[in-house]
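**Student:** Below is the sequence, then the predicted model.
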Amino acid sequence: MQYTIACMGNHEYPGVVVFDLDGTLVDTIADIAAAANRALNRLGFVSIPADRCREMVGWGTRVLARLALEHTGGSTDDESVDQLERMITDEYTDQPFVDSTIYAGIEPLLDGFRDHNIILAVCTNKSEPIAQRVVHTAFGVDRFDAVVGARPGRTPKPSAQPLYECITMSGGDRDSALLIGDSDVDVRTARAAGVPVYGAAWGYRGRTHLETAGADEVFDSPEEILNAIERLALC
């Protein structure tokens, strides 16, 4: 049976839902900030407050390294950024899930999608091995059909490439895909891929940011999306 999704928006009922990771499924900022600060401290720089670090994530570790150096007054030449990027990656690989937490309401939301036989996947700019480790630690190895992250040869979001690869690897179809994320990076990725996007206002950027970025719908909590799914099933 093909559902319409007038209850949620003007798109077809999704066959695959792709989630961003940081700020959407899991609040990882404490562990990211800790790793970045350990790396910065090793180089003699001061630590960055977690709230400031939250504004630096979403574009991958290299951008985080560059922004961290800008914030602390360090050089942002390629060699310096390369060095800090490697050090942050090493630190984060050692301790990727110490103080990270799954957002309230995410588990029931995932169950709700599964109840409607929707494929679930994750597409993030976090290093793919670390992303898979975080996802598997938080949700187990069988919760998602694919976990796609940054790796050599793959252009990061907002390129459509990782989203396309994620949808294909999950066994889904891009014509029935939906992306859920918390930043303009996710909105731009969805637009590049021709996929609808829902904004997770509970994440790192908030409602105004997502509305300004042009998300198709913005939800303040996972429960709101779950309620929309249940209404949709009755359409």
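**Tutor:** Right, received. Where do you want to start? Please read all numbers here as calculations on a predicted model, not as lab measurements.
**Student:** Show me the protein divided up by domain.
**Tutor:** Here the domain assignment for the chain is 16-27+100-232, 29-94, based on automatic domain parsing.
**Student:** what's the offset of whichever strand or helix holds residue 18 from the middle of its chain?
**Tutor:** Using DSSP states H and E, residue 18 sits in strand 16-19. Its chain's average C-alpha position is 11 Å from that of strand 16-19, according to Cα atoms, centre = their mean, to the nearest Å.
**Student:** And stretch 180-199, by the same measure?
**Tutor:** On Cα atoms, centre = their mean, the centre of stretch 180-199 falls 10 Å from that of its chain.
**Student:** What of stretch 109-119?
**Tutor:** Distance of stretch 109-119 from the chain centroid (Cα atoms, centre = their mean) equals 18 Å.
**Student:** State the next helix or strand along the chain beyond the longest helix belonging to the chain.
**Tutor:** For the chain, the longest helix by residue count, based on DSSP state H, is helix 78-94. Note on helix 78-94: by DSSP H and E, the next helix or strand toward the C-terminus is strand 101-102.
**Student:** Counting by contacts, list what that following strand packs against.
**Tutor:** With contacts taken as 3 or more Cβ pairs under 8 Å, 6 or more residues apart in numbering; DSSP states H and E, strand 101-102 sits against strand 26-27. Every residue, glycine included, has its C-beta placed from N, CA and C.
**Student:** repeat that for 10 Å
**Tutor:** Applying 3 or more Cβ pairs under 10 Å, 6 or more residues apart in numbering; DSSP states H and E, we find strand 101-102 packed against strand 26-27, helix 29-42, helix 128-139.
**Student:** ok, residues contacting the helix or strand just after it?
**Tutor:** For strand 101-102, the following helix or strand on the C-terminal side (DSSP H and E) is helix 106-115. The contact list for helix 106-115, computed with Cβ atoms under 10 Å, 6 or more residues apart in numbering, reads 14, 16-17, 19, 24-26, 102-103, 118-120, 138-139, 143-144, 178, 180, 200, 202, 219, 221-230, 233.
**Student:** Now list the buried members of the residues you listed.
**Tutor:** Buried by 16 or more other Cβ atoms under 10 Å: 14, 16-17, 19, 24-26, 103, 118-120, 138-139, 143-144, 178, 180, 200, 202, 219, 221-229, out of the contacts of helix 106-115.
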